[in-house]
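1. With the sequence up front, the predicted model follows.
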Amino acid sequence: MDLTRRVVAGELAALVGSNAIDLDREARIHTFRERSKLIFNNLEDYEKMILEHYTRGVNEGLNSLRSRPPEYWLLNSKPLPWSPEDSILVIFAFYMDLQNNPDLDYARWVARQTLPKEVVNFIDGKSHAWEAAIDGSQFLQTDIPGPEVFSYLKATNKDTAFLDIPNHVERMPGSNNWVVGPDASTTGTPILAGDPHLNLGVPNTWYKLSYSYIPDDQEEWLNIHGFGIPGTPSIAIGTNEHIAWALTNSSLDTDDLIILEPGDSGFPEFKTKTGTAQIQQKRELIEVKGEDPVAMEIEYTQWGPVIGETPTGEKRVRRWAAYHPDAINVKSMLTEQYVTTQDFLDHSHEANLPVQNFIMADTGGNIAWTIAGFLPDRHGADPFEAIYASDPTHIWNEKLKLETWPQVLNPENDRLWTANNRVYGSDSYMRMGSGDYSEFPRAFQVREKLLAKEKHSPQNMIEIQHDNAVSFLIRWQNLLLGTLEKMDQTSPDFIRLKEEVTSWNGRADVDSTGYTLIRDFRSRISVEVLRHITLPAIEFDPEEFDPFRFMTEEAVYQIVARQPEYLLNPIYSSWQEQFAHVVESLLTHIEDKGWESIRWGRRNVSDYRHPMTYALPALNGLLSMPQIELEGDHYCPKVLSHSLAAGIRIIMTPGKLEESLFQMGCGQSGHFLSKNYSNLQSKWATDEYLPLLPGEPVSTLTILPN
C-alpha cells in the first residue's frame, strides 16, 4: 500500500533515497497527489464516508502494531499514516498500469507525418485474423497497398534481424474473463471465470477477502467473497452470493495527443484558435531521504502536461482521462451490493475508474457484459488523429454519454468472453478507439473452447485458464518449415532445428525448444519487415517512434505470406534469402549459447521479487518467491511470463458457491516470517485450485470497540 501510493505520487525517494529520484520525476509530471485531493473533495458524501472509515481502520491497525514492519527497520523509517486520497492514488496506479499509453498516440502522429495514408491504415489496422468480438463483427482487411504506395522504400541493414520485438510491447498487462449461462452449464447455474494479468510482485497485488454486513437500506446480510486491492475498501473481483463479476482491461482509447505550435515569438507562447496562449510552469519539490529536496519544473497547459517535443519543433501535450476531475469515484465499490446483473447494467455508467470490461452473472441465470469507467466523449472525432491546439474543436471535456454505453444481456449462445480484445462492433463502440487492443488469440481461443462444448463444468473452466496453446504461431511454423526445406544445410544443429520445429505440438511447454525457435523466427522477421516499411518514420524520430505500438501482426504476416517483390528489402535477392538469414542468426545463437538456452522453460523463468531486493539483492532468497520454469506465454490464455502473470484465477458459480474455486500466487501475508507469506505459490504454479468459500477458522483476530 505504501509503495503504491508513493510510486504513483512521486514520493518514493523520501522513503528509499536518491536512487528513486528519476522514478519520482516520471510520476510527478502527472501531479496525482494534487489530483487525488481534488477528487476526494468533490466526491459525494457517502463516497467520502466509505474512504474515511477505511482510512480510520487502516491507521488504527497501523497504530496497534507492536513493531513496525521489517521493511521499515531495514530502511530506518516509519510508515506514514494513510489518508483518504491515498486510496484514490491506488486507483490511479491502475490508470498507470493499464491505460498509460501516450507512445501509441505519438506513433500514430509520426506515422501520419511520414508515411502514405494507405500504409498507416495497413499497419495500424482495426482488425486481425483472430477477431473474437462477442457480436461476431469482423473488420479484417488483408489487401496490401500496391507498389506505387511504397515507392519510398530503400535498403536497410541486415543486422536488424538480430533485434527482438521490444519486451515492453509484448508484455502489456491484460486479463481474461468469460461466463456461460445456465443452459451451457452442467451445474444448471452460470459459471464465471476470471484471471487478471498484472506485473506480479511480492506480496501479491491481490488480497483474498470474505466479509459480511447489512447494507443501510436492506434487512439481510450480504456475504461477500473475492479479491480486493490493498489500499481500496472493496472487492474488485468476486461474488456476494447473488451476483458474481470479473473484469478485464478494456484497452479502449483514453489518451489523446495535443500538438502545440509555437507562437510568433516562440514558446512558451503557442497558437490557439483565437490567437495565442502561454505554457504555464509548475514547481514541484521531491523530498529525498537524507538529502536536500530536489526541485522540478513541469510545463503544463489547461489540457495536461507537456510531455515532449517533436523533431519539427512542436510541443506534445497529453490529454488523458486520468487528468479529468471526474476520473475516479468509488461507485464501482457498490457492485458488491447489487443483487442482479440488471442492477449493475443500470449503474455501470456512474462508475469512474480506468475503463474495464465487466462480465457478470446472477442466481437468476442472467449473464451480461458492459464497460465501466471514465471514457472520453470525442463527439465523433477520429480517436487515431492528433489534435492541434490551433484547431481544438475535438478536444474532449466530458465523459461519454449514457445512451452510447454498450452492454449485452443474455446472448443467444449463452456465452460471453473478453481478453483485452475488441469486444463489440457497433459504430459507437468503434468510435471509442483502440488504446492497444490485444491482437493475439487469447479471446479467440477462449471463444472456440466455449463454443466447442454444449455444456461446461468448473473443471472445463480450469482447463481453459490453463490453455497454453499458441494458435497464431502455427502459420509461422509452416512458414519456417517451408524456409528450412529450401535451405541447403546439413549441419547437426540445422538438422535438430528442423526436427524441433517439425515436432512442435502447438503449445508453450517448458520442455519445448520448437516453440522458442518459431517464436524467435517470427519476432526477428517482424522486426526486419516493420523497420523496412516504416523507415521514414524511424528516421523522423529514431529515439521515440515505435512501430510495434500498432497492431502489426496481421500486416507483417500478410507481407511474408504473399511475399510481394516490391516489399522485399533490396539487400536480399529473395524472400527466401531473408528468411534464411534469420534462420542463420538462430543457428549462430545456438552455437554461442547452446540448445538449453532456447528451451522455453529456461527462457521463461518466473521472477516475482520483493521490491526491497532491488536495493538489497542479498535478501532475494529470503523475500522473493522461488524461481519456477513456466509454461504459457502472453500469447495464450495461460499468461505466465517472467513477472507478468495471472496473480489470481477465480471460478464462480452463483447459486452454487460451494463449487467456486480460486488460485492465488504468493500468499495472504506480507510478512516474510509468516507461514502464509508464500504458502499458495506452489499450487498457483500448477492446476491445483482451492475452494473460494472460507473453511474452518485456523486463526482468529477479535477486534473490540473502545
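-> That came through fine.
2. Tell me the spacing between Lys36 and Asn413.
-> Lys isn't right for residue 36; it's Ser. Ser36 sits 43 Å away from Asn413, going by CB to CB, to the nearest Å. Backbone N, C-alpha and C define where each C-beta goes, glycine included.
3. Comparing these two, which residue is more hemmed in?
-> Per other CB atoms under 10 Å, whichever of Ser36 and Asn413 has more neighbours is Ser36, with 25 against 14.
4. And the pLDDT at the more buried one?
-> What the model reports as pLDDT for Ser36 is 98.
5. packing partners for the host helix or strand of it?
-> Taking DSSP states H and E as the criterion, Ser36 maps to helix 32-42. Where contact means 3 or more CB pairs under 8 Å, 6 or more residues apart in numbering; DSSP states H and E, helix 32-42 is packed against helix 2-9, helix 84-98.
6. I'd assumed Asp256 was in a strand, is it?
-> Yes. Counting by DSSP: H, G, I helix; E, B strand; the rest coil, Asp256 is part of a strand.
7. for it, what are its contacts?
-> Contact analysis of Asp256 by CB atoms under 8 Å, 6 or more residues apart in numbering lists Asp105, Arg318, Arg319, Trp320, Pro376, Arg378, Pro383, Ala386, Ile387, Ile395, Trp396.
8. With respect to His671, which of those is nearest?
-> Nearest to His671 among those: Trp320, at 36.5 Å, using CB to CB.
9. what is the closest one paired to in the beta sheet?
-> Counting by DSSP bridges, Trp320 is bridged to Asp255.
10. ok, now Met652?
-> What pairs with Met652, by the bridge criterion (DSSP bridges), is Leu192.
11. In contact with it, which residues?
-> Met652 makes contact with Ile191, Leu192, Ala193, Gly238, Thr239, Ala244, Ala246, Ala361, Ser660, Leu692, according to CB under 8 Å, 6+ apart.
12. Pull up the gap between the fourth one and Leu693, please.
-> With distances defined as CB to CB, the gap from Gly238 to Leu693 amounts to 11 Å.
13. Repeat that for the third one.
-> Distance, Ala193 to Leu693, using CB to CB: 17 Å.
14. what about the two, which has more around it?
-> Ala193 (27 against 16).
15. which ones are touching the closest residue to that one other than its chain neighbours?
-> In space, and not counting its chain neighbours, Ala193 is closest to Met461: 4.3 Å by CB to CB, 6 or more residues apart in numbering. Listed by CB under 8 Å, 6+ apart, the contact set of Met461 reads Ile191, Ala193, Ile651.
16. As a markdown table, these with distance to Glu485 and pLDDT would be great.
-> Output for those, formatted as a markdown table (distance: CB to CB, whole Å; pLDDT from 0 to 100):
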| residue | distance to Glu485 | pLDDT |
| --- | --- | --- |
| Ile191 | 46 | 98 |
| Ala193 | 41 | 98 |
| Ile651 | 44 | 98 |
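17. Can I get these in JSON lines including distance to Met430?
-> JSON lines is the format used below for the contacts of Met461 (distance: CB to CB, whole Å):
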{"residue": "Ile191", "distance to Met430": "30"}
{"residue": "Ala193", "distance to Met430": "27"}
{"residue": "Ile651", "distance to Met430": "32"}
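18. Looking at those, which is nearest Ile134?
-> Ala193 (15.2 Å).
19. Wait, the closest one touches Trp245, no?
-> No. Ala193 lies out of contact with Trp245 (CB atoms under 8 Å); the separation is 11.7 Å.
20. Report the buried members of the contacts of Asp256.
-> Among those, those classed as buried by 16 or more other CB atoms under 10 Å are Asp105, Arg318, Arg319, Trp320, Pro376, Arg378, Pro383, Ala386, Ile387, Ile395, Trp396.
21. Might you report the residue contacts of Val529?
-> By CB under 8 Å, 6+ apart, the contact set of Val529 is Val556, Ile559, Val560, Leu567.
22. Tell me the one of those residues nearest Leu704?
-> Val556 (64.0 Å).
23. List of residues touching stretch 609-622?
-> 3, 16, 19, 71, 74, 201-203, 623-625, 643, 672.
24. Next, give me the two most distant ones among the residues you listed.
-> Asn19 and Met625 (23.4 Å).
25. Can you get me a residue count around the nearest residue to Ser606 once chain neighbours are set aside?
-> Nearest residue to Ser606 in three dimensions, chain neighbours excluded: Ile628, at 4.6 Å (CB to CB, 6+ apart). For Ile628, the count of nearby residues is 18 (other CB under 10 Å).
26. Wait, Ile628 touches Val605, no?
-> Yes. Using CB under 8 Å, Ile628 is in contact with Val605, at 7.0 Å.
27. circling back: which neighbours do Gly238 and Leu693 have in common?
-> His225.
28. all helices of the stretch 101-250 of the chain, in order?
-> Using DSSP state H, counting those that start in this stretch, the helices assigned to the stretch 101-250 of the chain run over residues 102-114, 117-123, 167-170.
29. Restricting to C-alpha, output the first one in PDB.
-> If I follow you right, that is helix 102-114. Provided in PDB are the C-alpha atoms of helix 102-114 (Å, rounded to 0.1, in the frame of the first residue of the first chain):
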ATOM      1  CA  PRO A 102       0.900   8.000 -24.800                       C
ATOM      2  CA  ASP A 103       3.500   6.400 -27.100                       C
ATOM      3  CA  LEU A 104       0.700   4.900 -29.200                       C
ATOM      4  CA  ASP A 105      -0.800   8.400 -30.000                       C
ATOM      5  CA  TYR A 106       2.700   9.700 -30.800                       C
ATOM      6  CA  ALA A 107       3.500   6.800 -33.000                       C
ATOM      7  CA  ARG A 108       0.200   7.400 -34.900                       C
ATOM      8  CA  TRP A 109       1.100  11.100 -35.300                       C
ATOM      9  CA  VAL A 110       4.600  10.400 -36.600                       C
ATOM     10  CA  ALA A 111       3.300   7.700 -39.000                       C
ATOM     11  CA  ARG A 112       0.800  10.200 -40.400                       C
ATOM     12  CA  GLN A 113       3.500  12.800 -40.900                       C
ATOM     13  CA  THR A 114       5.900  10.500 -42.700                       C
END
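30. pLDDT of that helix, averaged?
-> 96.
31. cool, stretch 69-85 as well?
-> 93.
32. cool, stretch 443-458 as well?
-> 97.
33. what comes up buried for that stretch?
-> Residues of stretch 443-458 classed as buried by neighbour count (16+ other CB under 10 Å): Ala443, Phe444, Gln445, Val446, Arg447, Glu448, Lys449, Leu450, His456, Ser457, Pro458.
34. which stretches of this structure aren't confidently modelled?
-> Applying pLDDT under 70 to the chain flags residues 156-173, 706.
35. before we move on, the earlier item: can you tell me which of the buried ones among the contacts of Asp256 is nearest Gln337?
-> Pro376 (28.3 Å).
36. From what I see, that closest one and Leu252 are in contact.
-> No. In this structure, Pro376 is not within contact of Leu252 by CB under 8 Å, at 9.4 Å.
37. and Ala14, what helix or strand is that in?
-> Going by DSSP H and E, Ala14 is part of helix 13-16.
38. one step back: how about the helices of the stretch 101-250 of the chain in a markdown table, adding distance to Leu535?
-> Converted to a markdown table, the helices of the stretch 101-250 of the chain look like this (distance: least, CB to CB, whole Å):
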| stretch | distance to Leu535 |
| --- | --- |
| helix 102-114 | 9 |
| helix 117-123 | 11 |
| helix 167-170 | 19 |
